[in-house]
Structure formats: C-alpha cells, structure tokens
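Student: Got a predicted structure plus its sequence, pasted below:
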Amino acid sequence: MALLGAGEVQLGAEQHRQQLVARDLVGAFANETSLNGKDIGAIKVSEKFSIVEVPESAVPEVIETMSKAPIKGKRVPVRRYRESFH
C-alpha cells in the first residue's frame with residue numbers, strides 16, 4: 001500500500017453481508033473521523049473483511065471511532081491490520 005507513514009485498519013466480516021464498496025468506507029471514515037477522503041489510501045475489499053489504509057497517526061482514532069459508528073446501519077469490528085490476522 002502506498003501512503004507514507006501509513007497504518008492499516010481491518011473491518012470485520014459483518015459488513016460484507018451489506019455488500020459494501022470502497023466508496024461506502026471512504027464516506028463513513030470521512031463523516032465519522034477527522035480524516036477526509038484524500039487522507040484515505042488504498043482499500044481492499046474481500047469476501048471476509050476490508051483493509052483501509054489511513055495515516056499511522058490516525059489509526060487509534062479510526063479504531064475507536066469506527067468501532068462505535070455504524071456503516072450502512074451496522075457496527076462492524078475494527079482493529080489494526082496485521083497480515084497474520086487473516
């Protein structure tokens with residue numbers, strides 16, 4: 001992934017039953033956190049989870065805020081992404 005000083009957050013499987021696309025995640029992050037769309041890097045959406053690249057300094061805020069905020073009406077688990085988690 002491409003952002004200098006980037007961290008990544010993983011959103012759990014629950015959201016995938018909602019058929020989310022990358023723009024849904026960008027909108028949710030931009031509406032709920034201090035980030036804007038330009039702060040959000042690469043997004044990978046898979047069948048089981050999504051990975052969103054954000055500035056490393058924003059990872060704690062994103063995890064805390066997005067763990068409580070609904071995405072398309074549902075809360076989803078959010079954690080720091082590490083390749084060994086999946």
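Tutor: That came through fine.

Student: where does R79 land in three-state SS?
Tutor: strand (DSSP: H, G, I helix; E, B strand; the rest coil).

Student: Hmm, I40 and F29 touching each other?
Tutor: Yes - applying C-beta atoms under 8 Å, one finds F29 in contact with I40, separated by 5.8 Å. The C-beta positions use only the backbone N, C-alpha and C, and glycine is treated the same way.

Student: and for the two, which residues touch both?
Tutor: Counting by C-beta atoms under 8 Å, 6 or more residues apart in numbering, the contacts common to F29 and I40 are V52, V54.

Student: Give me the more crowded residue out of the two.
Tutor: Counted by other C-beta atoms under 10 Å, F29 and I40 do not tie: F29 has more neighbours, with 26 against 22.

Student: quick one, what contacts that one?
Tutor: Shown in contact with F29 (C-beta under 8 Å, 6+ apart): L35, I40, V52, V54, V62, M66.

Student: which residues touch the strand or helix carrying the last one?
Tutor: Assignment of secondary structure by DSSP states H and E places M66 within helix 59-68. Among residues not part of helix 59-68, those counted as contacts by C-beta under 8 Å, 6+ apart are 7-9, 11, 28-29, 32-35, 52, 54, 75-80.

Student: Kindly tell me how buried the nearest residue to S34 once chain neighbours are set aside is, as a neighbour count.
Tutor: Nearest residue to S34 in three dimensions, chain neighbours excluded: E61, at 6.5 Å (C-beta to C-beta, 6 or more residues apart in numbering). Residues near E61, counting by other C-beta under 10 Å, number 15.
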